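Colleague: Okay, sequence plus prediction incoming.
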Amino acid sequence: MEEIAVAVVGYGLAGEVFHAPLIAAARGMRLKAVVTAAPDRGLRARQRFPGVLVFPTLEELLSARLDLRLLVVATPNHLHLRHALAAMEAGVNVVVDKPMALSVAEAEQMIAAAERHHLLLSVFQNRRLDDDFLLLQRVVRAGRLGEVHRLESRFERWRPELTPGSWREELTPAEGGGLLLDLGSHLIDQALVLFGRPLGVYAELVSRRGARAEDDCFVSLAFPRYRYAHLWMSAVAPALGPRFRLLGDRAALLTFGLDPQEEQLRSGLRPGAPGFGGRGADGAEILSLGQSRGEGEPVPFPAGRYADFYPEMAAAISGRGPLPVPPEAGLQVLQVVEAARASAESGTRVRLPPG
């Protein structure tokens, strides 16, 4: 099978920890180039991936005529639109790290460009492949909980001090900063995968540490058939709640802790290595009616599957399968983000138009 040549623009956390290792491990893909203006990051890329080419700018990469078939945009949020459009103008398929863009209007520009150039565009929503979210979907499909009516989902941290040099804390929401576009993009996407398109959005967005964007968020989504998703994202939670609490009319699923794949990738463990993606049975249980934590049936987590994303993208480029995440999913997340901002500003629930 012919290998698909891939370049990654941006070699910070997203590019170095997630995308480059996952591409290098993907059958049918070859990491050919990295774009970074930072000499130390370029050196690390060459050391970790011998033979990879390093370019200081995207323009120099695209002018090098490397026969690229995929560009991965892993730059700060405010650069996603510019870099995705430049790649598509050069005839290259694109994966954009979440959030897809800064706004619905920008996402629509990306989708229109992909259609105009007859190219593929996908969004890297890796937390669809977290072990706990995979378990949640498996339990729902099996009917273990009965009729599911409420999702509680948290991504909380205890970071009472601002992080020096963090663009997510230094930029305003309009510039791409804040937790709503960061962690919120994951939690909103998972809720939409589970329940579909929401009818309305209510949100509370607060900056508690003096950051220029929100660092403590609550978003409530209302869905048809009286189903609800309550989503928390916080950097200032001194006590961490359950990662998921999913309620049905027969039982509930409760999970604690985080999927291990990010920490495994940070430590240098690679997809395919023994133990990658696994964490065992601790931290998840199914509770029958009226039970509390520790009284339910322990259930094992499946292995997380971040490594599935790029083989599925390779299959889509080769015409052998669908996109791992369609661009419309990224657009729908941004529709919810914009409704959440409007709700927080007005203090009211905002209705979403039909999809």
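Modeller: The structure has been received and is ready for your questions. Numbers count the residues shown, from 1 in each chain.
Colleague: so where's this structure uncertain?
Modeller: 1 (pLDDT under 70).
Colleague: longest helix in it, by residue count?
Modeller: helix 327-346 (DSSP state H).
Colleague: helices or strands up against that helix?
Modeller: The helices and strands touching helix 327-346, judged by 3 or more CB pairs under 8 Å, 6 or more residues apart in numbering; DSSP states H and E, are helix 104-117, strand 121-124, helix 183-195, strand 200-206, strand 216-223, strand 350-351. Every residue, glycine included, has its C-beta placed from N, CA and C.
Colleague: And the ones you listed: which comes nearest Ile23?
Modeller: strand 121-124 (11.0 Å; CB to CB).
Colleague: ok, and for the helix or strand following that closest one, which residues are buried?
Modeller: Of the helices and strands lying after strand 121-124 in sequence (DSSP states H and E), the nearest is helix 131-141. Using 16 or more other CB atoms under 10 Å as the test for burial, helix 131-141 gives Asp131, Asp132, Phe133, Leu134, Leu135, Leu136, Val139, Val140.
Colleague: how about TSV for these, with distance to Val73 added?
Modeller: Formatted as TSV, the buried residues of helix 131-141 follow (distance: CB to CB, whole Å):
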residue	distance to Val73
Asp131	26
Asp132	27
Phe133	23
Leu134	26
Leu135	30
Leu136	29
Val139	34
Val140	32
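Colleague: Taking those together, which two end up most distant?
Modeller: Asp131 and Val140 (15.2 Å).
Colleague: still on that earlier bit, buried stuff in the longest helix of the chain?
Modeller: 327, 329-341, 343-344.
Colleague: Let me know the closest of the residues you listed to Gly248.
Modeller: Using CB to CB, the buried residues of helix 327-346 come closest to Gly248 at Val336, 23.4 Å.
Colleague: Would you agree that closest one is in contact with Pro198?
Modeller: Yes - at 6.6 Å, Val336 counts as touching Pro198 under the criterion of CB atoms under 8 Å.
Colleague: and the residue of the chain positioned farthest from its centre, helix, strand or coil?
Modeller: In terms of distance from the mean C-alpha position of the chain, Gly290 ranks first, at 33.7 Å (CA atoms, centre = their mean). Each residue gets one of three states, and Gly290 gets coil by DSSP: H, G, I helix; E, B strand; the rest coil.
Colleague: how close does it sit to Ala252?
Modeller: Look at Gly290 and Ala252: by CB to CB, to the nearest Å, they are 10 Å apart.
Colleague: Then Glu328?
Modeller: Taking CB to CB, one finds Glu328 at 31 Å from Ala252.
Colleague: again with Ile111
Modeller: In terms of CB to CB, Ile111 sits 37 Å off from Ala252.
Colleague: Of those two, which one has the most company?
Modeller: Neighbour tally, Ile111 and Ala252, criterion other CB atoms under 10 Å: the higher count belongs to Ala252, 24 against 18.
Colleague: where do the helices sit along this structure?
Modeller: Using DSSP H, helices in the chain cover 20-24, 39-48, 58-63, 80-89, 104-117, 131-141, 167-170, 183-195, 261-266, 309-317, 327-346.
Colleague: nearest to Leu231, of those helices?
Modeller: Per CB to CB, nearest to Leu231 of these: helix 183-195, 4.4 Å.
Colleague: what's the angle from that closest one to helix 131-141?
Modeller: Orientation of helix 183-195 against helix 131-141 (axes from the mean of the first three to the mean of the last three CA atoms, to 10 degrees) gives an angle of 20 degrees.
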